[in-house]
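Give me a model of this one.
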Amino acid sequence: MVAKWSNEDVALAVTSVWALWTNKNETHHDEYWSACTLPVKKTSAAKKNWGPHSGLNYKVNVDGAVFSAQKSVGVGVVIRDNEGHFIAGLSKKLNLPLGAIETKAKAFEIGIAFAGEIGIRDFVLEGDSLIMIQALCDSASAPSSVVPLVYGIAVAAHDFRSVKFSHVCRNGNIPVHLLAKHALGIVN
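Residues are numbered from 1 along each chain as shown. Okay, here's the model as predicted:
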């Protein structure tokens, strides 16, 4: 490889592989420590299904899906009012080769932007990524690969009357996940 490639090409290849390896390890490490440091609740109080949030007018659910073979990701967003009525939905494909946590972070970023486009001013932003919810609530550090996105989401939240962040179990986020997976078939 050294005989055919310049020193710059070799350095670029090694740096790229190192960055991918570091990102993968960091994501696994953060997920492991998040699982270890949180108390495990075995009660039925954990939100398993979607439900309206008391006190705020809307709930914005977000999720993402990774399409590794296509080097792209999909994002889904569903906005409902406090009675559970569908207000708006979004399925968006991003031609970016992102990892799982980066995709979840983009879903939160797109979800808050979509809420602004729809014109809602107070809502709960909810997703099934515990790492992202903890980072947005300042109860844990965000993985380095998503720190700028977390910061941007937190800044964007100040443009609204009230934004709260909430975690939902994966089973409670199925419609949004299906919208994220639907993005695979979107051409433009």
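
so what's the most centrally placed residue in the chain up against?
Nearest residue to the geometric centre of the chain (CA atoms, centre = their mean): K104, 2.0 Å. Residues near K104 by CB atoms under 8 Å, 6 or more residues apart in numbering: 63-64, 127, 129, 131-132. No exception for glycine: its C-beta is placed from N, CA and C like everyone else's.

hmm, try it at 10 Å
62-66, 73, 75, 98, 127-133, 146, 149, 180 (CB atoms under 10 Å, 6 or more residues apart in numbering).

right, and the secondary structure at it would be what?
Look at K104: counting by DSSP: H, G, I helix; E, B strand; the rest coil, its state is helix.

How about it, nearest residue that isn't a chain neighbour?
Here the nearest residue to K104 in space, its sequence neighbours aside, is S129; by CB to CB, 6 or more residues apart in numbering that works out to 4.0 Å.

For the one you found, grab phi and psi.
phi -100, psi 100 (degrees, to the nearest 10).

Then G74?
Torsion angles, degrees, to the nearest 10, at G74: phi -120, psi 150.

Quick one: neighbours of it, just the number.
26 (other CB atoms under 10 Å).

surely E102 meets L149?
Yes. Assessed by CB atoms under 10 Å, E102 is found in contact with L149 at 7.7 Å.

next helix or strand past the helix or strand encompassing L20?
Using DSSP states H and E, L20 sits within helix 7-37. For helix 7-37, the succeeding helix or strand toward the C-terminus, using DSSP H and E, is strand 58-67.

Direction included, what does that next one pair up with?
Applying DSSP bridges, strand 58-67 is found paired with strand 72-81 (antiparallel), strand 122-127 (parallel).

Please identify the buried residues of the last one?
This points to strand 122-127. By neighbour count on 16 or more other CB atoms under 10 Å, the buried set for strand 122-127 is 123-127.

same check, this time on stretch 59-72
59-67, 72.

likewise stretch 111-124?
111-112, 114-115, 120, 123-124.

Report the two of those residues separated the most.
Spanning the widest gap among the buried residues of stretch 111-124 are F114 and V124, at 14.1 Å by CB to CB.

quick one, what contacts I112?
Counting by CB under 10 Å, 6+ apart, I112 touches 60, 62, 77, 123, 125, 136, 152-157, 159-160, 163, 165.

domain ranges for this structure?
The chain breaks down by automatic domain parsing into domains covering 1-38, 58-185.

which sections of the chain are below the confidence cut-off?
1-3, 22-55, 188 (pLDDT under 70).

Point me to the helix or strand that includes S91.
Element membership for S91 (DSSP H and E) is strand 86-94.

picking that back up, highest neighbour count among the contacts of I112?
Among those, the one with the most neighbours (other CB under 10 Å) is V62, at 32 neighbours.

Please name the nearest non-neighbouring residue to it.
Among residues not flanking V62 along the chain, G111 sits closest, at 3.7 Å (CB to CB, 6+ apart).
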